[in-house]
Every structure is written in C-alpha cells, then in structure tokens.
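> any chance you could fold what I've pasted below:
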Amino acid sequence: MSRLMIALTLLVALLFILSLTTGPAGIGLTEGLHALILGGDGPMPIVMREIRLPRAILGLAVGAGLGLSGAALQGYLRNPLAEPGLIGVSGMAALGAVIAIHSGLSASAALGLPLLALAGAAIGVGVLMLLAGPRGGSVTLILAGIALSALAGAGTQLMLNLSPNPYAANEIVFWLMGSLADRSMVHVGLALPPMILGALILLRSGRALDALTLGESAAAAMGVSPGRLRWLLVFGVALIVGPATAVAGAIGFVGLVVPHILRPLVGARPSRLLPASALGGGAMVLAADIAVRLIMPERDLKLGVLTALVGAPLFLHLIWKTRSRGGLG
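Residues are numbered from 1 along each chain as shown. The predicted model follows:
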C-alpha cells in the first residue's frame, strides 16, 4: 500500500472518530467511545449508537461512493468533467424523494421517502438503458444522461410548483440541499448493501478502465468489451448514487472534485485512482458533515450547501492550475 493510501486511510479513520464525538450533546471522546463499544445505562449509548454511528457510517459510505463513482465515470468517458449526476440516476432518485414529500408519503411512512427515491433511481436506470440502447457509445450515454437529468429536474420543479402548501415546498427545498442529520441504522441497512455491491463492481473494473485509456480498439484487442464495461459501470454507479441520494439528498461536487485533487498524486491510471478517490470522497464528506455541526449549529447549515461552497472554488482553482500548465489532462 502506498504512502498516500495509508495517509488517506488514517485520515478517514480520524474523521470517522471525530464524527462520532461531534455533536450538541457534549459527549467527550473517551466516554463516547466507551458508551459506543461497551454500552451501559443512560442516554449516552443511545445517542452514540442510534444517532452518531449511523450518521458517521452514512457520511463515509456516501462520500466514498460519490468519489469512486466520479473517478470511474471520468475514467470510462475519458472526460475530466464527468461526475455521478451525469447519467441522471441521482436526479431521478431526487425526483422520487420529492414526490414522496409532495404526496405526504414521507410523513405517513418512515421509509416512504428513501424507498420512493430508490424506486426513482431504478426507473432512471431503465429509462437510461432504453435511451442509450445496447449498442450506444459513450457519447450516446452522456446525451441520454443529460436528457434524463433534464427530465428529472423538470419533474422536481413541477412538484415544487404544485406544492400543496408552503411547508411542503420548504421541506422539498431543504431536502434537496442534502443532509445526514436524523438518519438511523434503518437508513444504513437500506443504503449500505447496494452501495457495497456497486463499489465492488466499480473497483473490479479498474484494469478494464486502464486498458480503455489506450482507446476502444486497443482495449478490445486486450479482451475488454467496451459495451459490457459501459453497462457494468452504469449499474455500479446507479447502485451507489441512487441509495446515496435516497438517504442523504443531493450532495454535489464530491465526485467531480476529489478525482481531480488525487489524480496528480496517484497518476492517471483508473485502477489506482478508484480506491484513492473512494477514500478521498469519504474524508471530504465526513469533514464537511463535522463542519456543519460546528459552523452555525443553530442555523442547520446543510451538507450539500457546504460541499458546494468548498467544491466550487476548489474546482475553479484546479481549472486555473490546468490553464497555467497549458491544457487539460
């Protein structure tokens, strides 16, 4: 394992522990970890196990999934601007969640919102397959994803426009900003299995993506089927992004920025960039989720807002550095 991977692993472990010990309850590091591991009486074990542990697990899983998905799509499309939302599945998951809020299903059933978001993601994959077709290339996939994102965005705007009351509109807007607050182990159990399966699919595609950097013809000569790889990546990204959006809302810039930050450190080979981006994404979302609890805690700063506030200037800085070097790549 390289020094960078060791450093990223240690950083993620540190941020995970900090996430467990950060919150309004004022629980210290030692007593918090003691209550989490050994349990005991009183409210402290409940706070650690039912509130902070699922939040930390989801922060790590969502961040790692978004970073990994972004690196995989940038490797396959050979486009540094590719990110998980490009294929439209996250937009469809968000539309499903918005319909759950608009219809009142989220208020009447605890799992109504995440389940309808997952259903939206599944429908999105089906529509994407129909639009891109079995023989469509990467350009067709991008165009189909853009069309699906536009369709989902229009549906979301329609739901907002037709909100039955201002409270429902407010709930939709705040949910779309992304958050990990008030998530439980039920949300972890709902999101984690498909996300792990999707991560395994993407990580196993590393060598095929390496071959694809030489061009589709060279990759085919090396035994890689570009069509099969394309759909493996679509399913892998959908299995990650759909559940991530269902439990955390829309969190942008992680899948776009993290691979850009790490590429100069690990090189352009996707097989090396994928695991590094997963760890980097996990670190970024865990750090952002800790920050939203420390910065203006009384105002409920949303996670997606903070990642955008940090990610957009960081991406502009990367663009400036790329220009100064004389081009992309």
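
> CA atoms for contacts and neighbours, from now on please.
Will do.

> which SS class is the residue most central in space within the chain?
Closest to where the C-alpha atoms of the chain average out (Cα atoms, centre = their mean) is residue 66, at 3.2 Å. Secondary structure, DSSP: H, G, I helix; E, B strand; the rest coil: residue 66 is helix.

> in terms of helices and strands, where is the closest residue to it other than its chain neighbours?
Spatially, and ignoring its direct neighbours in sequence, residue 66 is nearest to residue 255 (4.8 Å; Cα to Cα, 6 or more residues apart in numbering). Assigned by DSSP states H and E, residue 255 belongs to helix 254-266.

> mind giving me the packing neighbours of the helix or strand following that helix?
Sequence order places helix 270-294 as the next helix or strand after helix 254-266, per DSSP H and E. Judged by 3 or more Cα pairs under 8 Å, 6 or more residues apart in numbering; DSSP states H and E, helix 270-294 is in contact with helix 3-20, helix 53-77, helix 185-204, helix 206-212, helix 254-266, helix 303-325.

> just the ones you listed: most buried one?
Comparing those by mean neighbour count (mean count of other Cα atoms under 10 Å), helix 53-77 comes out on top with a mean of 28.

> for it, name the packing helices and strands.
By 3+ Cα pairs under 8 Å, 6+ apart, helix 53-77 packs against helix 3-20, helix 185-204, helix 206-212, helix 226-248, helix 254-266, helix 270-294.

> report the angle between it and helix 185-204.
If you take axes from the mean of the first three to the mean of the last three Cα atoms, to 10 degrees, helix 53-77 sits at 30 degrees to helix 185-204.

> okay, the residue nearest to residue 66: pLDDT?
As predicted, residue 255 sits at a pLDDT of 89.

> can you list the helices and strands packed on helix 270-294 in CSV and add distance to residue 244?
CSV is the format used below for those (distance: least, Cα to Cα, whole Å):
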stretch, distance to residue 244
helix 3-20, 18
helix 53-77, 5
helix 185-204, 7
helix 206-212, 22
helix 254-266, 12
helix 303-325, 12
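
> to residue 31, which of those helices lies closest?
Evaluated over the helices and strands packed on helix 270-294, closeness to residue 31 peaks at helix 3-20, with 11.3 Å, by Cα to Cα.

> that older thread, would you mind telling me which of the helices and strands packed on helix 53-77 is nearest residue 303?
helix 270-294 (6.1 Å).

> okay, the angle between that closest one and helix 303-325?
Using the same axes, to 10 degrees: helix 270-294 against helix 303-325 is 130 degrees.

> now helix 270-294: mean pLDDT?
Averaged across helix 270-294, pLDDT comes to 93.

> make sure the residue nearest to the centre of the chain is actually in contact with residue 84.
Yes. At 6.6 Å, residue 66 and residue 84 qualify as touching, with contact defined as Cα atoms under 8 Å.

> shared neighbours of these two, anything?
Between them, residue 66 and residue 84 share these contacting residues under Cα atoms under 8 Å, 6 or more residues apart in numbering: 241, 255.

> distance across stretch 101-119, terminal residue to terminal residue?
Using Cα to Cα, to the nearest Å, the end-to-end distance of stretch 101-119 comes to 14 Å.

> rewinding a little: can you redo the helices and strands packed on helix 53-77 as a markdown table with distance to residue 159?
Shown next, in a markdown table, are the helices and strands packed on helix 53-77 (distance: least, Cα to Cα, whole Å):
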| stretch | distance to residue 159 |
| --- | --- |
| helix 3-20 | 34 |
| helix 185-204 | 24 |
| helix 206-212 | 39 |
| helix 226-248 | 17 |
| helix 254-266 | 27 |
| helix 270-294 | 28 |
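
> export the helix holding residue 255 as PDB, just CAs?
These are the backbone C-alpha positions of helix 254-266, laid out as PDB (Å, rounded to 0.1, in the frame of the first residue of the first chain):
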ATOM      1  CA  VAL A 254     -17.600  15.300  -4.300                       C
ATOM      2  CA  GLY A 255     -17.500  13.000  -7.400                       C
ATOM      3  CA  LEU A 256     -16.200  15.800  -9.600                       C
ATOM      4  CA  VAL A 257     -13.500  17.400  -7.400                       C
ATOM      5  CA  VAL A 258     -12.000  14.500  -5.500                       C
ATOM      6  CA  PRO A 259     -10.600  12.600  -8.500                       C
ATOM      7  CA  HIS A 260      -9.100  15.900  -9.800                       C
ATOM      8  CA  ILE A 261      -7.400  16.500  -6.500                       C
ATOM      9  CA  LEU A 262      -5.900  13.000  -6.300                       C
ATOM     10  CA  ARG A 263      -5.000  12.400  -9.900                       C
ATOM     11  CA  PRO A 264      -1.700  14.300  -9.800                       C
ATOM     12  CA  LEU A 265      -0.800  12.300  -6.700                       C
ATOM     13  CA  VAL A 266      -1.600   8.700  -7.900                       C
END
